[in-house]
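Visitor: I would like to see how this sequence folds:
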Amino acid sequence: MLETVTGGFLMCAGGESMLMFDALPEVNVLVQAMPAGHFMDVVPDLNLTPMGICAILSEVGLPIPCMPAPVSPWMIGDPTVLIIGMPALDNLSMVPCAWGGVISIVFPNNETTWLTI
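Guide: Residues are numbered from 1 along each chain as shown. Next up is the predicted model:
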């Protein structure tokens, strides 16, 4: 498993494009000099930004922007790597969206699991 850091890419099953993940920098846990994400990094417009047009909401024929609406913390995570007591995000993490679909990590922007605290 690879921990996910700022600069990783996410994709929603209902979105038309990828988005860049942005971990909260104040946590100050670094992987390859980049802030690492944990399973509570699911804040719309902070950690999760719009992903183009939403295919799920656009079924009515109108192009509707994809606005991530996570319904829970990230699922799975890496329980062997804790960041402020919470599982780190890894390349297998995912979070369901209230509009339908699942947001998943397609590129964690990390080649190792070594942490610098």
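
Visitor: Leu89: what's it in contact with?
Guide: Residues touching Leu89, when contacts are defined by Cβ atoms under 8 Å, 6 or more residues apart in numbering, comprise 3-4, 21, 23, 36-39, 41, 74, 77-78, 105, 108. (Each C-beta comes from the backbone N, C-alpha and C, glycine too.)

Visitor: Okay, and which of these map to strands?
Guide: Using DSSP state E, the subset of these located in strands is 78, 105.

Visitor: Out of the contacts of Leu89, the closest to Val29 would be?
Guide: Comparing those against Val29 with Cβ to Cβ picks out Ala36 as the nearest, at 4.8 Å.

Visitor: Buried residues, stretch 84-92. List them.
Guide: Buried residues in stretch 84-92, counted by 16 or more other Cβ atoms under 10 Å: 86-92.

Visitor: no wait, stretch 39-59
Guide: Buried residues in stretch 39-59 (16+ other Cβ under 10 Å): 39-42, 47-48, 50-51, 53-55, 57.

Visitor: and if you look at stretch 8-28?
Guide: Of the residues in stretch 8-28, those buried by neighbour count under the rule 16+ other Cβ under 10 Å are 8, 10-12, 14-15, 19, 21-24, 27.

Visitor: Can you get me the start-to-end distance on it?
Guide: When the termini of stretch 8-28 are compared using Cα to Cα, to the nearest Å, they are 17 Å apart.

Visitor: least trustworthy helix or strand in this protein by mean pLDDT?
Guide: Of all helical and strand segments in the chain, the minimum by mean pLDDT, DSSP states H and E falls on strand 30-31, at a mean of 82.

Visitor: farthest pair in the contacts of Leu89?
Guide: Once Cβ to Cβ is applied, the contacts of Leu89 give Phe21 and Asp78 as the farthest pair, at 15.0 Å.

Visitor: Output the below-cut-off pLDDT ranges for the protein.
Guide: Counting by pLDDT under 70, the chain has low-confidence residues at 25, 59, 112-117.

Visitor: can you pull out the strands in the chain?
Guide: Along the chain, the stretches classed as strands by DSSP E are 9-12, 19-20, 30-31, 34-35, 78-83, 86-88, 94-96, 102-107.
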